[in-house]
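Enquirer: Sequence first, predicted model second:
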Amino acid sequence: MATELLKMTAQIVTSHASMNELSPQELINEITSVYNTLAALAGEKAVAVEMGAMPEAGQETGQPKPAVPIEESIQDEYIVCLECGQRFRTLKAHLRRAHNLTPVDYCERFGLDPKKYHLVSRNYSEQRRQLAKAKGLGEFRRAKKA
Ligand SMILES: [Zn+2]
């Protein structure tokens, strides 16, 4: 949880609460909604309210909603993390560091086919292919000479 966001949330809610009479439940709702708004703006994860105030929130079952449509996540220059919406050339290290997910977990989470979904930008995967080809060719030449 981002401490900065919590501080900002506290400031906003405090100044709002000083002008309005809020019941404890209203206060909690207000804190959550302010935090979630700030979190969404900052690209952080939202927190779910446990009191049934938001009926559609907090269901852990089923697939999470990707940050962008899956078919739009792989671009020439970058790949978008479906978990947080950030852009990368390659996702693997980010998934482990930021979300503690393996590529397999990630694919399962969003119903992706690991054979088709490569966790890298299009250009990056093209570069890798060229590199592999060049390397293979080099090895082939060396093998012929020997
Ligand atoms: Zn991410």
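Expert: Nice, I can see it.
Enquirer: Quick one: mean pLDDT for the lengthiest helix in the chain?
Expert: Taking DSSP state H as the criterion, the chain has its longest helix at helix 122-145. The average pLDDT for helix 122-145 rounds to 85.
Enquirer: How far does stretch 98-107 stretch from one end to the other?
Expert: With CA to CA, to the nearest Å as the measure, the first residue of stretch 98-107 is 16 Å from its last.
Enquirer: contact partners of that stretch?
Expert: Stretch 98-107 is contacted by residues 81-84, 91-92, 95-96, 109, 112-114, 117, 119 when judged by CB atoms under 8 Å, 6 or more residues apart in numbering. (Glycine included, C-beta is placed from N, CA and C.)
Enquirer: can you do 6 Å?
Expert: The contact list for stretch 98-107 (CB atoms under 6 Å, 6 or more residues apart in numbering) reads 83, 92, 95, 114, 119.
Enquirer: are any of these buried, and which?
Expert: Among these, the ones that count as buried by 16 or more other CB atoms under 10 Å are 83, 95, 119.
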